[in-house]
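> got a structure for you, letters missing:
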C-alpha cells in the first residue's frame, strides 16, 4: 500500500506570491490533516478535511486555505506569502479521523519564502 | 498552541543505553500518542495509550501515562544508532479530535 504522498518536496517562493501544496492520502483514508512545522513554533495544526468538508480548523489567518476532492486528495493554498510562512508543511491521513486513530504522515513540503 | 511539552529538549546517550523522555500536557485527554521524526521528514507513529491505561509496551518501547499528573513517559531500551530522531507526544482532547503535538525531544545515540 502506498504511503501518503506530498508534492512538491521543496518549493521556493517570494513574498506576496501564492502557493498550492498537494497531498494524496493512503488509499481508503478519508481524513486528511495539515500541519505547519517550524523550529520556533513546532507542529501547529492547520485544518482537517473529511469527505470534502473542513471539519476542524487551527488558528491560522485566512490566507491559509484548503480543500479536499472526492478521491480524498487534498490541497492547501497559502496566498500573499510572508517570510514567516517558511516551514515544513506536513500532511497526514487516517481512515476516518477518529480520536483513537493514528496518523500517517507524508514526507512534507519544505517551503522557503524569500 | 502546544498542548504537550517534552522534557528534556535534547538528549544524547551511548548506544545500548536506555533513553527516557517525558511529556506533560494541560487538559484532559482521550489518548496520548508518541511519534518519531527523522530529520526533515514526516512523523511515524510509535504507540498510542488511552486515558484509562497506565502502561503499554511495543518492542523496545515502554510508555506510561499518569493522568493525575497529566504526564507521560517514553522509554526506549537498548538504544541503537537508528533511534536517533526527534520524538513527539501528541494528545487528543475531549470534544476536539485534532491531535495536538508537543515540542519534541531530540534524541542522539552515540555509536
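Thanks, I have it. These figures come from a predicted structure and were not determined experimentally.
> Is residue B:82 in a helix, a strand, or coil?
What DSSP: H, G, I helix; E, B strand; the rest coil gives for residue B:82 is helix.
> For chain B, what lies in contact range of chain A?
Within chain B, the positions near chain A by C-beta under 8 Å from any C-beta of the partner chain are B:1-2, B:30-31, B:33, B:35, B:40-45, B:48, B:50, B:88, B:92, B:96-104. In this view, the C-beta of every residue, glycine as well, is placed from N, C-alpha and C.
> Show me which of those are buried.
B:2, B:30-31, B:33, B:35, B:41-43, B:45, B:48, B:88, B:92, B:97-104 (16 or more other C-beta atoms under 10 Å in any protein chain shown).
> quick one: residue B:6 and residue B:104, what's the gap?
Distance of residue B:6 to residue B:104, computed by C-beta to C-beta, to the nearest Å: 6 Å.
> which strand residues sit across from residue 19 in the sheet?
You didn't say which chain, so I picked chain A. Per DSSP bridges, the residues bridged to residue A:19 are residue A:78.
> you looked at the wrong chain, it should be chain B
As assigned using DSSP bridges, the partners bridged with residue B:19 are residue B:76.
> Test my guess that residue B:17 contacts residue B:80.
No: between residue B:17 and residue B:80 there is no contact under C-beta atoms under 8 Å: 10.6 Å.
> Mind telling me which residue of chain B is nearest chain A?
Nearest residue of chain B to chain A (C-beta to the nearest C-beta) works out as residue B:42 at 3.4 Å.
> Quick check, pLDDT for that residue.
The model reports residue B:42 with a pLDDT of 91.
> Need the nearest residue in space to it, chain neighbours excluded.
In space, and not counting its chain neighbours, residue B:42 is closest to residue A:105: 3.4 Å by C-beta to C-beta, 6 or more residues apart in numbering or on different chains.
> and the one you found, how many residues sit next to it?
Look at residue A:105: counted by other C-beta atoms under 10 Å in any protein chain shown, it has 22 neighbours.
> okay, how far is it across stretch A:58-69, tip to tip?
20 Å (C-alpha to C-alpha, to the nearest Å).
> So that stretch, near chain B or not?
Yes: judged by C-beta under 8 Å from any C-beta, stretch A:58-69 and chain B are in contact via A:58, A:59.
> residues contacting residue 80?
Reading this off chain A. Residues in contact with residue A:80, defined by C-beta atoms under 8 Å, 6 or more residues apart in numbering or on different chains, are A:16, A:18, A:63.
> my question was about chain B
Contacts of residue B:80 (C-beta under 8 Å, 6+ apart): B:15, B:109.
> Please report phi then psi for it.
Phi and psi for residue B:80, reported as degrees, to the nearest 10, are phi -130, psi 160.
> quick one: it from residue B:74, how far?
15 Å.
> circling back: which neighbours do residue B:6 and residue B:104 share?
With C-beta under 8 Å, 6+ apart, residue B:6 and residue B:104 have common neighbours B:87, B:88.
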